[in-house]
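Chemist: Have a look at this prediction, sequence included:
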Amino acid sequence: MAYIWAFKKPITPIVLTRFSIYQKALNLSLFQRNLKRVELMFTVIFGREGCPFCVRAKEVAEKLKTDRDDFNYRYVDIIKENVSKADLEKSAGKPCPTVPQIFIDQDHIGGFTEFEAYAKAELGLYS
C-alpha cells in the first residue's frame, strides 16, 4: 500500500480491468473526498442515451446534489465508455438486464425505481 501524506487513509493502487468499471468512475472522487477530508456519498449512474429512466435518475441525483452537502454523482454513458452489460453484472453481482444501474458507495442499489425509493427513505428526497 502506498501512503500519501495528504490522505487520511492508505490508498491502494487501482488496477483497471474490464471488471473494475466502478473503481474507474470512482477514482477521481476518492482523491477529492480524501483530500478534502469530507465524507461524501458518491453515486455512479450507468445509463445510455435516449433512456427516460436514466434521465429521471440524473434529475433525482442532481436534486440530491443541490439539496445535500454530502452527495455527489457521476453519470457514465455505457455506450460512449464501452461498458458492457457483462461488466455491470460482474460489478453488481447479479443480472442487470436494464439501465440505469446505480451504485452508491460501491453498493449496487438497482435501477431508477430502487434508487428513488432509497433516496426517499434514506436521503430525504421530496421532504
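Modeler: That came through, no problem.
Chemist: alpha carbons only for contacts and neighbour counts from here, please
Modeler: Fine.
Chemist: Residue 108 versus the spatially most central residue of the chain, what's the distance?
Modeler: When C-alpha atoms, centre = their mean is applied to the chain, the residue found nearest the centroid is residue 44 (1.7 Å). When C-alpha to C-alpha, to the nearest Å is applied, the distance between residue 44 and residue 108 equals 10 Å.
Chemist: Name the residues contacting each of those two.
Modeler: Contact criterion C-alpha atoms under 8 Å, 6 or more residues apart in numbering; residues bridging residue 44 and residue 108 by contacting each: residue 102.
Chemist: still on that earlier bit, and what about the residue nearest to the centre of the chain, helix, strand or coil?
Modeler: strand (DSSP: H, G, I helix; E, B strand; the rest coil).
Chemist: So it sits against residue 75, correct?
Modeler: Yes: using C-alpha atoms under 8 Å, residue 44 and residue 75 qualify as a contacting pair, with a distance of 6.0 Å.
Chemist: low-confidence ranges in the protein?
Modeler: Along the chain, the model assigns pLDDT under 70 to residues 1-38.
Chemist: Tell me which stretches of it form strands.
Modeler: If DSSP state E is used as the criterion, the strands of the chain fall at 41-47, 71-77, 101-104, 107-110.
Chemist: wait, which of the ones you listed is closest to residue 90?
Modeler: Of all those, strand 107-110 sits nearest to residue 90, with 11.0 Å by C-alpha to C-alpha.
Chemist: Tell me the strands beside the closest one, with direction?
Modeler: Strand 107-110 sits in its sheet next to strand 101-104 (antiparallel), going by DSSP bridges.
Chemist: follow-up on the earlier one: separation between the residue nearest to the centre of the chain and residue 78?
Modeler: Relative to residue 78, residue 44 is positioned 12 Å away (criterion: C-alpha to C-alpha).
Chemist: Format the strands of the chain as CSV; extra columns: distance to residue 90.
Modeler: Listed next are the strands of the chain as CSV, based on distance: least, C-alpha to C-alpha, whole Å:
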stretch, distance to residue 90
strand 41-47, 13
strand 71-77, 16
strand 101-104, 12
strand 107-110, 11
